[in-house]
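Visitor: I need the structure of the sequence given here:
(one chain, ligands or ions: 1)
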Amino acid sequence: MVTGGAGYIGSHTIRQLQRSGYSVVVVDNLSRGYRAALPEGITFYHTDIGDTQRIQEICSQEQVDAVIHFAALIEVGISQKEPFSFYENNVKQTLGLLAGMRRSGVRRMIFSSTAAVYGVTEPKALREESPKAPASVYGRSKYMIEQILSDLSMVGELDVIALRYFNAAGADVSGDIGESHRPETHLVPLILQVALGQRPSISVFGNDYPTPDGTCIRDYIHVTDLAEAHVMALRYLEQGGASDAFNVGSGCGYSVQEVIACCREVTGHPIPTHHAPRRDGDVPVLLADTQRIQQALRWLPQYNLRQIVETAWHWHSRHPHGFPLP
Ligand SMILES: NC(=O)c1ccc[n+]([C@@H]2O[C@H](COP(=O)([O-])OP(=O)(O)OC[C@H]3O[C@@H](n4cnc5c(N)ncnc54)[C@H](O)[C@@H]3O)[C@@H](O)[C@H]2O)c1
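Guide: Down below sits the predicted model:
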C-alpha cells in the first residue's frame, strides 16, 4: 500500500514497484496529489490516512504486506505559519494509519523522512548519526514520526526503514509524470518555469555564502533513483533486514548557480536571475553521506544533474501547467 501515491515521489515509486513486479494499492486524500498521476487500472482509495477503520479494511481486503508512507504536507514555509495543520496531518494522521496497520497485522513500513531532520552546523556531508535538530515545523513533524516508528520497531511491533531524502528532482523518463506542486517551492521546477515564460526571472536567495560561487549548495537526487531506493528498502525488510534510517542523496553538491547554468544548457533559454536576501534557515551546504544505504541496500544513484534537468524539462515542456486541477 502506497500512501500519498498521487503525489510527486509516490507516483514515481508506484511505477518502479510495478516494474519490479509488486502489486500496489494507493491511498491518497488528493489534498495535494492528482488522480492523473496514477497508472491506469491501479486500485485507488480516495481516503485519508488517519481513517483507521478504512485503513484496516483496505489492509485486510487487499492483503497488504507493507506500507510505503509518503502522505504528508511538505511545504516548509507554510509549516512555519500553520504548525497545527502539520502536526495534525503528518503526526496525528500517521498514528491513525499505524493503528489501522496494527489492527490488520501489517508490520512493515518504508517512511518518507527528510534531510530537514538534521540540525546543520558544518559544511560537510551529513551522516545518519549527525545531530538531529530540525529547523522547521515540517522537519520536526517528520522527526517526531521517525521517533514513533523507532519506538514501535524497538518493541517489535514494526519493521521500518526511514529514508531521509535530500532534494528530490527530475521526472520519469517517459515524460508522462513529473513534479506538479502547488505552490511550487523547489528550485528545478521554478527555474524551468522561467524557461517556459511563466515567470520573468529566478530569485537567488543569498550570494555571499561561504561556497565557491557564494550560492547555496544542495544535493539533488533523481526521483527515479529515490523510487528505486524504496523498492530496495522493501526487499531488504522482506529478507529480514533490521529497521534503520538511511540518507538518500546523490552525495554530490551543486550550487544554485550551477543548477541554473545546467538549466540554461538544457533549455537553451537565458534564464535571467535576480539577487534576493538570504532566507531564514538556509544553510550554505546540505550534502548527504550515502555510505550506509550503499552498504546495506547496494543502492547507487544512476542519474546525474544533467539527466535530472533533462527529464524534468521533458516533463515540464510537455505539461507546462503540471497535472490539471480536479
Ligand atoms: N519533494 C522532496 O524533495 C522531498 C524531500 C524530502 C522528503 N519528502 C517527503 O516525501 C513525501 C512525498 O513528497 P512529495 O514531494 O511527493 O509530496 P506531494 O505533496 O507531491 O505528495 C504528497 C501526497 O500525500 C497526499 N496526502 C497528504 N496528506 C494526506 C493524508 N492525510 N491522507 C492521505 N493522503 C494525504 C497528498 O494528496 C499528495 O498526493 C512527503 O512525505 C515529503 O515530506 C519530499
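Visitor: Name the residues of stretch 277-284 that are buried.
Guide: Buried residues in stretch 277-284, counted by 16 or more other Cβ atoms under 10 Å: 283-284. For glycine as for every other residue, the C-beta is placed from the backbone atoms N, C-alpha and C.
Visitor: Flag the shaky bits of the stretch 51-200 of the chain, pLDDT-wise.
Guide: 121 (pLDDT under 70).
Visitor: the helices in it, which residues?
Guide: For the stretch 51-200 of the chain, the helices defined by DSSP state H, counting those that start in this stretch occupy 52-61, 76-81, 83-86, 93-103, 137-154, 187-195.
Visitor: same question, the stretch 201-326 of the chain
Guide: According to DSSP H, counting those that start in this stretch, the helices that the stretch 201-326 of the chain contains are 223-238, 256-267, 291-297, 305-318.
Visitor: related to what we said a few turns ago, include distance to residue 123 and mean neighbour count when you put the helices of the stretch 51-200 of the chain into a markdown table, please.
Guide: Formatted as a markdown table, the helices of the stretch 51-200 of the chain follow (distance: least, Cβ to Cβ, whole Å; neighbours: other Cβ atoms under 10 Å):
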| stretch | distance to residue 123 | mean neighbour count |
| --- | --- | --- |
| helix 52-61 | 42 | 18 |
| helix 76-81 | 20 | 16 |
| helix 83-86 | 28 | 16 |
| helix 93-103 | 32 | 20 |
| helix 137-154 | 19 | 19 |
| helix 187-195 | 19 | 21 |
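Visitor: With distance to residue 305 added, can I get these in CSV?
Guide: Formatted as CSV, the helices of the stretch 51-200 of the chain follow (distance: least, Cβ to Cβ, whole Å):
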stretch, distance to residue 305
helix 52-61, 38
helix 76-81, 22
helix 83-86, 30
helix 93-103, 33
helix 137-154, 24
helix 187-195, 9
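Visitor: Ok, which of the ones you listed comes nearest the ligand?
Guide: Ranking these by proximity to the ligand (Cβ to the nearest ligand atom) places helix 93-103 first, at 4.3 Å.
Visitor: ok, and what's touching the closest one?
Guide: 3, 48-56, 58-59, 64, 67, 69, 71, 107, 109, 145, 148, 152, 157-158 (Cβ atoms under 8 Å, 6 or more residues apart in numbering).
Visitor: now do 6 Å
Guide: 49-50, 52, 55-56, 145 (Cβ atoms under 6 Å, 6 or more residues apart in numbering).
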